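> have a look at this prediction, sequence included:
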Amino acid sequence: MTWLKFALWMGGIYLIYYAAVLLWDFLRSGKQPDAERSHELSFEEHIEPVREIAGSTPEIYDASVLSSGGVSLKQLFNLAREEVIEYTRPVSY
C-alpha cells in the first residue's frame, strides 16, 4: 500500500465518519429534550442599578503601585534601560 492509497483511505473513512455524525445530529435535532433530562444551567443574580452623579471624582486609593496595566514595547525597553524592571536575559535594543 502506498502513502497515496493510505491517505485516500483515511480521508474516505474520515468523511464517512463525520457524515454519519452530522446525519445523526440532524436526525436527533427534531426531538425536544425532556425537561428532567436537560442539563442546562441558569443563574439569576439580583443587581440594583446605581445612579452616578455627573462631575463626581472617582475614589483614589493610596498605594505605592501607580499602574498595573500593560506597557508598549517601546516603554518596556525604556524601563529595561532605566533598570526599573528586572529581566533575566539580555535584550537587544
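Perfect, I can see it now. Keep in mind that this is a model prediction, so the values were computed, not measured. Numbers count the residues shown, from 1 in each chain.
> state the mean pLDDT of the helix or strand where residue 10 lies.
Following DSSP states H and E, one finds residue 10 within helix 3-28. What helix 3-28 shows for mean pLDDT is 94.
> using CSV, write down the CA coordinates of whichever helix or strand comes after it.
Counting by DSSP H and E, the element after helix 3-28 in chain order, helix or strand, is helix 73-81. Coordinates of each C-alpha in helix 73-81 appear next as CSV, following Å, rounded to 0.1, in the frame of the first residue of the first chain:
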residue,chain,number,x,y,z
LEU,A,73,7.2,47.6,23.6
LYS,A,74,9.0,51.0,23.5
GLN,A,75,8.1,51.7,27.1
LEU,A,76,9.3,48.2,28.0
PHE,A,77,12.7,48.9,26.5
ASN,A,78,12.9,52.2,28.2
LEU,A,79,12.1,50.6,31.6
ALA,A,80,14.8,48.0,30.9
ARG,A,81,17.3,50.7,30.2
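> that older thread, and the helix holding residue 10, what does it pack onto?
On a contact count with 3 or more CB pairs under 8 Å, 6 or more residues apart in numbering; DSSP states H and E, helix 3-28 meets no helix or strand. All C-beta atoms are positioned from the backbone trio N, CA, C, and that covers glycine.
> start at 42, not 1
Will do, 42 is the new start, and the previous item becomes helix 44-69.
> ends of stretch 65-85, how far apart?
Length of stretch 65-85, first residue to last, CA to CA, to the nearest Å: 34 Å.
> cool, stretch 69-86 as well?
Using CA to CA, the two ends of stretch 69-86 sit 33 Å apart.
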